[in-house]
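**Q** turn this into a structure:
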Amino acid sequence: MGIIVVRRHATPCGELILGSFGDKLCLCDWTLSVRRAQNEASLMRNLNATMEEGETETIRRAIVALDEYFAGQMQTFDIPTLIVGTEFQRKAWAALLTIPYGETRSYGEMAHAVGSPRGARAVAQAIGANRLSIIIPCHRVVGADNALTGYAGGIEAKKTLLRLENSLR
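**A** This is a model prediction of the structure:
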């Protein structure tokens, strides 16, 4: 059985829990997320691992990168990640990575991007299961009318992230 090393990290939007498995970041989730327990259980099951408090070089790199992101000093993350999910989830998360910094897309646009034009709800569910929040920028997805819809870190966190990226005025 493997070990996912986890550590909490405070950000201007709230507290994150960061986790690494080996030398890859596999978790960057909001501690107050309603799906956190479900996401962690799924991650542990899929990796056949338990969680243990600690720190790794990968987590240290993630903290530096997140702090630089929140300081407006960087726009993309260069941290090795381990993306664990279904084929559809991985496809949806890959599509999130194509949304440029400072831009947003609707759930409908994301559904088209993954080849499922009528699958906005399925895409929304996949986005909700994203365990690498901010790193895989699910905060850049908004409602069809640009409404700020659900976000694991809360709507205020989403608003702050979008303002930071200048995509919400």
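
**Q** contact partners of the helix ranked longest in the chain?
**A** Of all the segments of type helix in the chain, defined by DSSP state H, the longest one is helix 57-70. Contacts with helix 57-70, where a contact means Cβ atoms under 8 Å, 6 or more residues apart in numbering, come from 5, 7, 9, 11-13, 16, 18-20, 23-25, 28, 74-75, 77-80, 134-135, 164. C-beta coordinates here come from the backbone N, C-alpha and C atoms, glycine included.

**Q** wait, isn't Pro137 in contact with Leu96?
**A** Yes - counting by Cβ atoms under 8 Å, Pro137 touches Leu96, with 5.6 Å between them.

**Q** how about Thr160, nearest residue that isn't a chain neighbour?
**A** Cys13 (4.9 Å; Cβ to Cβ, 6 or more residues apart in numbering).

**Q** I should have written Tyr101 there, sorry.
**A** Gln75 (4.0 Å).

**Q** what sits against the one you found?
**A** Residues near Gln75 by Cβ under 8 Å, 6+ apart: Tyr69, Tyr101, Gly102, Glu165.

**Q** looks like the last one contacts Tyr101 (just checking).
**A** It refers to Glu165. Yes - using Cβ under 8 Å as the test, Glu165 is close enough to Tyr101 to be in contact (5.5 Å).

**Q** compare those two (neighbour count), which wins?
**A** Using other Cβ atoms under 10 Å as the criterion, Glu165 and Tyr101 rank with Glu165 on top: 19 against 14.

**Q** that one and Asn48: what is the separation?
**A** 36 Å (Cβ to Cβ, to the nearest Å).

**Q** may I have the beta-bridge partners of the residue positioned nearest the centre of the chain?
**A** Central residue of the chain (Cα atoms, centre = their mean): Ser133, 1.6 Å from the mean position. Following DSSP bridges, Ser133 is listed with bridge partners Ile136.
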